[in-house]
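> just need the structure, nothing else, for what follows:
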Amino acid sequence: MIAVRRADDRGHFDHGWLNTYHTFSFADYHDPRFMGFRALRVINDDRVAPGQGFGEHRHRDMEIVSYVLEGALAHRDSMGNSGVIRPGDVQRMSAGTGVQHSEFNGSRTDPVHFLQIWILPEIPGSPPGYEQKTFPPETRRGKLRLVGSPDGREGSLTVGQDVAIYASVLETGEEVQHRLAPGRHAWLQVAEGALELNGHRLEEGDGAAVTDEDELDIAGKGSEFLLFDLS
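I've put the predicted structure just below:
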């Protein structure tokens, strides 16, 4: 079964400095029908204005993954990590017992467009941690590139949950397949462009929850997307 979550049905707030869409309930947006999917708790589609950002704030017991689509996002945290996330970079911050961090768009002219993803950790109360890796376009084009997993296999980020995160860029006419093991579920989030998932057309910002499906057939229409394989 595939249940589509349309982009226009998401929670939306334009704060001036931040234009954000919430796939699942978050902050002032609450919908009891959309509190997450399996261990996937938050997918925020954020656009941060030039010279603006998220001031220092605290999190705990959450795996936070950032996936930048456009622009450059500067990161700083209480663990002593600092750096800039650009397209092709994926960042994982394990909040664990508690961490403070901030994100800022240092450009004077260009906005930042990124997906902010929260995943519930398998073991609460773990030590906080941080990791960032670059996955160039050629490693994601026409294929499913593993960018996050519990064991960091295939050079992916290590995520403290039983989830495999794939990133892909598909031109029109390109197709990829993904087989779900028995009892596994999936969420597909279209970051840019459009695609077809088992015959369902998905546009930019759409998401889809997948249950009781053995195989996913994904046909590109000029698209970039993330696929979460979940327990």
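> drop to CA atoms for contacts and neighbour counts, all remaining ones
OK.
> other SSEs contacting whichever strand or helix holds residue 66?
Under the criterion of DSSP states H and E, residue 66 resides in strand 63-70. The elements that strand 63-70 packs onto, with contact taken as 3 or more C-alpha pairs under 8 Å, 6 or more residues apart in numbering; DSSP states H and E, are strand 89-94, strand 112-119.
> partner strands of the shortest one and their direction?
Right, strand 89-94. With DSSP bridges as the criterion, the sheet partners recorded for strand 89-94 are strand 63-70 (antiparallel), strand 129-134 (antiparallel).
> most tightly packed of those strands?
A comparison of the strands paired with strand 89-94 by mean neighbour count, using mean count of other C-alpha atoms under 10 Å, puts strand 63-70 on top with a mean of 21.
> so which residues make contact with that one?
If you take C-alpha atoms under 8 Å, 6 or more residues apart in numbering as the criterion, strand 63-70 is touched by 85-96, 111-121, 159-160, 191.
> distance of residue 92 relative to residue 206?
Shown here: residue 92 relative to residue 206, a distance of 23 Å by C-alpha to C-alpha, to the nearest Å.
> so which of the helices and strands packed on strand 63-70 comes closest to residue 137?
Distances from residue 137 to each of the helices and strands packed on strand 63-70 were compared by C-alpha to C-alpha, and the smallest falls on strand 89-94, at 10.1 Å.
> so what strands line up beside the next helix or strand after that closest one?
Counting by DSSP H and E, the element after strand 89-94 in chain order, helix or strand, is strand 99-104. Here the strand partners of strand 99-104, with direction, are listed using DSSP bridges: strand 53-59 (antiparallel), strand 73-77 (antiparallel).
> near the closest residue to residue 76 other than its chain neighbours, how many other residues are there?
Among residues not flanking residue 76 along the chain, residue 82 sits closest, at 4.3 Å (C-alpha to C-alpha, 6 or more residues apart in numbering). Neighbour count of residue 82, defined by other C-alpha atoms under 10 Å: 14.
> ok, the residue nearest to residue 34 when sequence neighbours are not counted to residue 92 distance?
Here the nearest residue to residue 34 in space, its sequence neighbours aside, is residue 24; by C-alpha to C-alpha, 6+ apart that works out to 5.0 Å. Taken as C-alpha to C-alpha, the spacing of residue 24 relative to residue 92 amounts to 19 Å.
> residue 32 now?
27 Å.
> which one's more surrounded, the two?
Set side by side, residue 32 and residue 92 show unequal neighbour counts under other C-alpha under 10 Å, the larger going to residue 92 at 22 against 8.
> cool, thanks, signing off.
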